[in-house]
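> turn this into a model:
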Amino acid sequence: MKLTLTYSEVINGKFDLGSINLIMVFQVNCPGCFIHGLPLLKELQTHYDNKLSCFALATAFEDFHLNSPENVKRLINTGELVGETLKAKEAGLLKWDNALFSVPVLIDEVANQAELLHPEFIENTIQNMFDRTTALEQENMRTAVRNYFSQLTQCGKTFATNLMRGTPSFFLFTDSMEILTQWFGHGDSRVIKSKLDIFIDKKHE
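Just a heads-up that it's a prediction; the model follows:
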């Protein structure tokens, strides 16, 4: 499978792919992204150094007034937090350090419902699954994706086309966009490193 990546702009650096890349997909109104996701991304970036190119993608699948490009830019430029993330900081659950954003940040392009339900968009969403499915399975998949998208008034394109479960979501991928491994939420960094080692060590043998 390949990672479908659509974005409107890049801030905080340049999007230059390496041979092995890691991207964390987050929302600014997602406390877990800041409490767990960003520290993990920073830890992996430091641990693997130049063996791994790290990025973040700011998306939106809910709370669009908070998960906006404007708030992403304020976050990067001034460290300003919003919504539930700000509440987590005020409650002492989040020790915020803007230095955690030491990676280029892509802003996901948001699609409205009409775009999500366009036949071409639906085909692009499921094309990576076609090689292992029958014609009937493909049609059932189209129906399932169409039904899912019909429940969304709008959504980040990258989030939608990769059928993500939520944020934070992580993808390890190559410079040809091939997904090597992915996971949702937070986990034990030792376990995650052991999984990433398989791909990173192999690439640098």
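> can you tell me the helix or strand for the residue sitting nearest the centre point of the chain?
The chain has V25 as the residue nearest its centroid, 2.1 Å off, counting by C-alpha atoms, centre = their mean. Using DSSP states H and E, the element containing V25 is strand 20-26.
> output that strand as CSV, restricted to C-alpha atoms.
Below are the C-alpha coordinates for strand 20-26, written out as CSV (Å, rounded to 0.1, in the frame of the first residue of the first chain):
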residue,chain,number,x,y,z
ILE,A,20,12.9,6.2,5.1
ASN,A,21,10.3,8.7,6.5
LEU,A,22,8.0,9.0,9.4
ILE,A,23,5.0,11.3,9.5
MET,A,24,2.7,12.0,12.5
VAL,A,25,-0.8,13.1,11.6
PHE,A,26,-2.3,15.3,14.3
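> list the strands paired with that strand, with their directions.
Its sheet considered, strand 20-26 pairs with strand 53-58 (parallel), strand 169-174 (antiparallel) by DSSP bridges.
> hey, which of the ones you listed is tucked in deepest?
Neighbour counts (mean count of other C-beta atoms under 10 Å) averaged over each of these peak at strand 53-58, with a mean of 24. In this view, the C-beta of every residue, glycine as well, is placed from N, C-alpha and C.
> and the contacts of it?
Defining contact as C-beta atoms under 8 Å, 6 or more residues apart in numbering, one finds that strand 53-58 is touched by 5, 7, 15-18, 20-28, 38, 41, 44-45, 67, 69, 72, 101, 103-108, 158.
> quick one on the thing from earlier: who's the residue nearest to the centre of the chain bridged to?
L57, S169.
> doesn't K157 make contact with it?
No: V25 is not in contact with K157 according to C-beta atoms under 8 Å; the separation is 11.7 Å.
> now for those two: what residues contact both?
D108.
> any idea how far S68 is from D108?
From S68 across to D108, the span is 11 Å (C-beta to C-beta, to the nearest Å).
> wait, H65
16 Å.
> looking at the two, which one has more neighbours?
D108 (25 against 11; other C-beta atoms under 10 Å).
> the more buried one contacts Q154, correct?
No: the pair D108 / Q154 is not scored as a contact, 11.2 Å apart, by C-beta under 8 Å.
> what residues are shared contacts of the two?
With C-beta under 8 Å, 6+ apart as the test, D108 and Q154 both reach A60.
> one step back: show me which of the contacts of strand 53-58 are buried.
Neighbour counting over these (16 or more other C-beta atoms under 10 Å) leaves 5, 7, 15, 20-28, 38, 41, 44-45, 67, 69, 72, 101, 103-108, 158 as the buried ones.
> who touches both of S68 and D108?
A60.
> strands of this structure, residue ranges please.
7-11, 20-26, 53-58, 105-108, 110-112, 154-156, 169-174, 179-184 (DSSP state E).
> M1 is nearest to which of the ones you listed?
strand 179-184 (4.9 Å; C-beta to C-beta).
> export the strands paired with strand 20-26 to JSON lines and tack on distance to I122?
Shown next, in JSON lines, are these (distance: least, C-beta to C-beta, whole Å):
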{"stretch": "strand 53-58", "distance to I122": "21"}
{"stretch": "strand 169-174", "distance to I122": "20"}
